[in-house]
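Q: Predicted model and sequence below, questions to follow.
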Amino acid sequence: MNGARYYTEPMTDTFASPITEIDERRVTVVLSETCFYPEGGGQPADRGTLAGVSVTDVQKDDAGVIRHTLSHPLAETVSVGDRVSGVIDWPHRWDYMQQHTGQHVLSGALMAEADAATVSVHQGEELTTIEVDREEISPDRLSAVERRANEIIRDDRALRTFWVDSSELEGYRLRRPTSRTGRIRLVEIEEFDLVACGGVHLPRTGMLNLIHLVAVERIRGRLRLAFKIGDRALEDYAAKDEALQRAAFQVSAQPADVPDRLAALISEVQEAGRAHRHMAARIAELELERRLDGTPAHAAAGIVLEGEDQEVFSAIVEHASEEPERRLCVLNRTDSGLHWGIVIGAAYPFPQQELRDGILGPLGAKGGGKPPVWRGIIKDPDDDSADRFRDAFIRVADALHSRPPR
Ligand SMILES: [Zn+2]
């Protein structure tokens, strides 16, 4: 594994090295030394360019040979022995070094402050998650973990990496035992944490800036903790701050008062909704009485409303359905279409087929329901749709004979 400069110079983003091997298709290249980190240990491979061609993957084989995969064949003018320049996609590398180094700090802090061992780690696009061997950690302890991690950052401690033989491991107090044998790479955060790891790390903890715990989830009897680490934490803070400022402006409150202000607004809205429904029911009663004034009791009838509030329209239909001998259709012409409601009281058989064939089908009306009420809409009504609906309904309803009393 000679030539793994990503280990000795983790902060180098541009380098040059002679080529030692090019495959026949000229898309796989081996260098005498490289700053490209090959995928491994939960960290992705570096991306970037080699001799100006995009590097899409970097892998290390069992013999320790590192192969760079290119998006396009290398230029014919380039041969084995030529020195080529490599450029690492630095935002990509910087982000995952922060995530990975931050995870070392957090796993150390979890062990120190909550006696929780790291079981697995996932570096996602948005969050880095750490699963620990504990079913529960109190909010106080979790705060202590976060505080400790940020103290380690503030201390700007050095990360030291060194190789030992597995036979020498007894002399080291590793946070997590390793089953590896042979030459083993140890990573130490000065006077805080020591583990075996083959990853690529920031040289100092100060480069992490900030760590924040954003979510705690219980999964398979364990805790999974989600963190914003490094630049991601700062970006997250800025985005959340902006969202909160906008919300504060919208509800005319100081940022810290937004939750209480929202709770008060929600309860006002709920109260207004209740009052609205109550008034709509009262208007519906009066409107039904007024509209049916002079209509013989329980004769089939139709009402056409113009742009009535939908809550009032619904309340009229509901109110009418309380009367077992009612046969009524209610229509409401609005901007969204012609809303319709049909009530056939329980004293009559509900004429499903006749309603479908005689009214809904011919008028292109959508909807249905559960007797005694059907409701729906005609999306694109003609000028005479409401009148045709009402007339057809009265014909169908008049033809019904009441059921014998039960
Ligand atoms: Zn590591």
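A: In hand now; what should we look at? On a predicted model such as this, the values are computed, not experimentally measured, just so you know.
Q: use CA for all of it now, contacts and neighbours both
A: OK.
Q: buried residues in whichever strand or helix holds residue 15?
A: Using DSSP states H and E, residue 15 sits in strand 14-22. For strand 14-22, burial by neighbour count (16 or more other CA atoms under 10 Å) applies to 14, 15, 16, 17, 18, 19, 21, 22.
Q: Once you drop chain neighbours, what's closest to the last one?
A: I take that to be residue 22. residue 29 (4.8 Å; CA to CA, 6 or more residues apart in numbering).
Q: so who does that neighbour touch?
A: Going by CA atoms under 8 Å, 6 or more residues apart in numbering, residue 29 touches 19, 20, 21, 22, 23, 67, 68, 69, 70.
Q: residues near the fifth one, how many?
A: In other words, residue 23. 12 (other CA atoms under 10 Å).
Q: for the last one, same thing?
A: Counted by other CA under 10 Å, the residues lying close to residue 70 total 21.
Q: Greatest separation within the contacts of residue 29: which pair is it?
A: 20 and 70 (15.4 Å; CA to CA).
Q: so what's the residue nearest to residue 22 bridging to?
A: Per DSSP bridges, the residues bridged to residue 29 are residue 22, residue 68.
Q: State the pLDDT value of it.
A: Listed pLDDT for residue 29 reads 97.
Q: What of the one 3 residues further on?
A: Reading off the per-residue confidence, residue 32 sits at a pLDDT of 96.
Q: show me the contacts for whichever residue of the stretch 301-406 of the chain sits closest to the ion.
A: Nearest residue of the stretch 301-406 of the chain to the ion (CA to the ion) works out as residue 336 at 60.4 Å. Counting by CA under 8 Å, 6+ apart, residue 336 touches residue 379.
Q: How about the one 10 residues further on?
A: Listed by CA under 8 Å, 6+ apart, the contact set of residue 346 reads 324, 325, 371, 372.
Q: for residue 144, same thing?
A: With the criterion set at CA under 8 Å, 6+ apart, residue 144 makes contact with residue 113.
Q: is it true that it lies in a strand?
A: No: Residue 144 is assigned helix when assessed by DSSP: H, G, I helix; E, B strand; the rest coil, not a strand.
Q: Show me which residues of the stretch 151-300 of the chain are close to the ion?
A: Counting by CA under 5 Å from the ion, the stretch 151-300 of the chain comes close to the ion at 197, 199.
Q: tell me how far the ends of stretch 213-229 are from each other?
A: Using CA to CA, to the nearest Å, the end-to-end distance of stretch 213-229 comes out at 9 Å.
Q: what are the bridge partners for residue 375, then?
A: residue 341, residue 368.
Q: Begin at 40 from now on, thanks
A: Sounds good: first residue 40 from here, last item residue 414.
Q: Contact partners for it?
A: Applying CA under 8 Å, 6+ apart, the residues near residue 414 are 378, 379, 380, 381, 406, 407, 408.
Q: got TSV for the residues you listed, with neighbour count and pLDDT too?
A: Converted to TSV, the contacts of residue 414 look like this (neighbours: other CA atoms under 10 Å; pLDDT from 0 to 100):
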residue	neighbour count	pLDDT
378	26	97
379	26	97
380	24	97
381	26	96
406	14	94
407	17	92
408	11	94
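Q: buried residues in the longest helix that the chain contains?
A: Identified as the longest helix of the chain according to DSSP state H is helix 297-330. Buried residues in helix 297-330, counting neighbours by 16+ other CA under 10 Å, are found at 297, 300, 316, 319, 320, 322, 323, 324, 327.
Q: From those, pick the one nearest the ion.
A: residue 297 (40.6 Å).
Q: hang on, the closest one packs against residue 287?
A: Yes: checked against CA atoms under 8 Å, the pair residue 297 and residue 287 is within contact range at 5.8 Å.
Q: one step back: what packs against the strand holding residue 54?
A: strand 67-70, strand 122-127 (3 or more CA pairs under 8 Å, 6 or more residues apart in numbering; DSSP states H and E).
Q: Quick one: distance of it to the chain centre.
A: Centroid displacement of strand 53-61 relative to its chain, using CA atoms, centre = their mean, to the nearest Å, is 42 Å.
Q: And stretch 215-228, by the same measure?
A: Worked out by CA atoms, centre = their mean, stretch 215-228 lies 36 Å from the chain centre.
Q: again, but for stretch 255-273
A: 14 Å.
Q: now what about it, what contacts it?
A: 134, 137-138, 141, 165-175, 246-254, 275.
Q: for it, what is the average pLDDT?
A: Mean predicted lDDT for stretch 255-273 stands at 96.
Q: And stretch 414-434, by the same measure?
A: 95.
Q: ok, the closest residue to residue 418 other than its chain neighbours - contacts?
A: For residue 418, ignoring the flanking residues on the chain, the nearest one in space by CA to CA, 6+ apart is residue 376 at 4.6 Å. When contacts are counted by CA under 8 Å, 6+ apart, residue 376 touches 416, 417, 418, 419, 420.
Q: That concludes my questions; thank you for your assistance.
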